[in-house]
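Novice: The following block contains a protein sequence and its predicted model.
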Amino acid sequence: MLTRVIPVVALALVTPAALSADYLYDDGVSSVLLGPPDSFEEFGDIDMLWGNYFFTDDPTEQVTTVSFGLGSLSADPTVSIWIFDDPDNDADPTNAVPVFSTTTTGVNLGFDFNVLDVGSVDVSGGFFVAIGHLAELSYPGGSPDYPAPARFDPDARPDRSWFFYDDDIPEHDLASSGFASRMDGPFVPIQGAFAIRATTVPAPATAGALAGLAALRRRRRSG
Ligand SMILES: [Ca+2]
Ligand SMILES: [Ca+2]
């Protein structure tokens, strides 16, 4: 009995890391920044959310890491990190359900990424990984100005990236956000994909099944 258990445990520890998947659209050179237009001055500070929609390779996976590039930030550099699972998996995140959120201090690292360990967040099929930031209205030199925190790659596909503006982004009902657009929408002057990436591992059931399969093969080989 012991000889059957030990290989399974060892494989369960090794397999998830070996099978981790990276989801991204950018090519590492995300050279364009997006923020509210100065014409939004009448609305004051603008809450932003921008993110990428991905599809899991396996039916269910666990997001372990979110990586994101940032542009210019407000005086308060706090950013929020959100993971949504989309119940209808239709590439449209406006009805997606938040399954994880936290806040951290964002840093503009140029083409490099802020990296956040999110633990193990279950997602199935279509999921949406987004960054939030309050774009504070300021008046440098007397003219209205907003930061442009959403960094994107203009060479990447634009039809999986979405952004939202509102006084306070309604993360639990993105469809009701004051402004929502895909990155190939009519109000987008430069299209592209956001510098937001997700790393996943197989969900425990999948990892366990794979480990069991490997153990079965090993037993067959040795038998
Ligand atoms: Ca889903
Ligand atoms: Ca949807």
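Specialist: Received, thanks. Numbering: from 1, shown residues only. Ligands and ions are numbered 1, 2, ... in the order given.

Novice: what does the protein put close to ligand 1?
Specialist: Residues of the chain lying close to ligand 1 (Cβ under 5 Å from the ion) are 85-86, 89, 124-126. Where C-beta positions appear, they are placed from N, C-alpha and C, glycine not excepted.

Novice: Filter these down to just the ones in strands.
Specialist: In strands, judged by DSSP state E, the following of those are found: 85, 124-126.

Novice: sorry, back to before: so which of the residues of the chain next to ligand 1 reach ligand 2?
Specialist: Taking Cβ under 5 Å from the ion as the test, ligand 2 is in contact with residue 86 out of the residues of the chain next to ligand 1.

Novice: In TSV, list the residues of the chain next to ligand 1 along with distance to residue 153 and pLDDT.
Specialist: Shown next, in TSV, are those (distance: Cβ to Cβ, whole Å; pLDDT from 0 to 100):
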residue	distance to residue 153	pLDDT
85	25	98
86	22	98
89	24	98
124	27	98
125	24	98
126	21	98
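
Novice: tell me the phi and psi of the closest residue to residue 71 other than its chain neighbours?
Specialist: In this structure, residue 71 finds its nearest non-sequential neighbour in residue 33, 3.4 Å apart by Cβ to Cβ, 6 or more residues apart in numbering. For residue 33, the backbone dihedrals (degrees, to the nearest 10) come out as phi -120, psi 140.

Novice: how many other residues sit next to residue 33?
Specialist: With neighbours defined by other Cβ atoms under 10 Å, the count for residue 33 comes to 17.

Novice: Mind listing the residues bridging to it?
Specialist: Per DSSP bridges, the residues bridged to residue 33 are residue 151.

Novice: ok, back up a step: which member of the residues of the chain next to ligand 1 is positioned nearest ligand 2?
Specialist: Taking Cβ to the ion as the measure, ligand 2 lies nearest residue 86 of those, at 4.2 Å.

Novice: which residues in this protein form strands?
Specialist: 21-23, 32-34, 46-68, 78-85, 97-105, 114-135, 150-153, 161-166, 179-182, 193-194, 196-202.

Novice: contact partners of the shortest one?
Specialist: Yep, that's strand 193-194 we're talking about. Here strand 193-194 makes contact (Cβ atoms under 8 Å, 6 or more residues apart in numbering) with 25-26, 30, 50-52, 68, 131, 150-153, 156-158, 160-161, 163, 183.

Novice: can you do 6 Å?
Specialist: 25-26, 50, 52, 152-153, 156-157, 161 (Cβ atoms under 6 Å, 6 or more residues apart in numbering).
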